[in-house]
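# Kindly generate the corresponding structure for this input.
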Amino acid sequence: MTFEKGKSGNPGGRGKLKPFADALRMEIAAVGDDQKGLRIIARALIDKASEGDMQAIKEFADRIDGKVAQAIVGGDEDDNPIVTEIIIRGVPANR
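Take a look at the predicted model:
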């Protein structure tokens, strides 16, 4: 499908953002450049994980190592599963 020059292929934009995500973005912006508020949240997550909170451990691991790849299984039980693997490489924060 081709688009006419000067006309958007998505005239409605990217869609409505979620209110909670909007509130988080506003609060993060209000923290300023030192990111002290985000560091407090990160420290709280680390503290909960070190206390054995399994949800905090999972969240911490997902943020550090990335989420575990999930197998996508075909429609027939006799079919071999189709495995999709996503590898994301990041840049260290203290660069």
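
# secondary structure class for the residue sitting nearest the centre point of the chain?
A centroid search over the chain (Cα atoms, centre = their mean) returns Arg63, at 8.1 Å, as the residue closest to the centre. Of the three states, Arg63 takes helix according to DSSP: H, G, I helix; E, B strand; the rest coil.

# Give me the buried positions along the helix or strand in which Asp47 is found.
If you go by DSSP states H and E, Asp47 is part of helix 36-50. Within helix 36-50, the residues that count as buried by 16 or more other Cβ atoms under 10 Å are 45, 48-49. Where you see a C-beta, it was placed from the backbone N, CA and C, and this is true even at glycine.

# distance of the residue nearest to the centre of the chain from Ala49?
Distance of Arg63 to Ala49, computed by Cβ to Cβ, to the nearest Å: 10 Å.

# Ok, Ala23 next?
25 Å.

# all helices of this structure, in order?
19-31, 36-50, 54-65 (DSSP state H).

# Output those in a markdown table; the columns should cover mean pLDDT and distance to Gly6.
Formatted as a markdown table, these follow (pLDDT from 0 to 100; distance: least, Cβ to Cβ, whole Å):
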| stretch | mean pLDDT | distance to Gly6 |
| --- | --- | --- |
| helix 19-31 | 83 | 30 |
| helix 36-50 | 89 | 40 |
| helix 54-65 | 91 | 41 |
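
# okay, these in JSON lines with distance to Gly90 next?
Below are the helices of the chain laid out as JSON lines (distance: least, Cβ to Cβ, whole Å):
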{"stretch": "helix 19-31", "distance to Gly90": "18"}
{"stretch": "helix 36-50", "distance to Gly90": "15"}
{"stretch": "helix 54-65", "distance to Gly90": "10"}
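
# Tell me the gap between stretch 53-70 and the middle of its chain.
Centre-to-centre, stretch 53-70 and its host chain are 11 Å apart (Cα atoms, centre = their mean, to the nearest Å).
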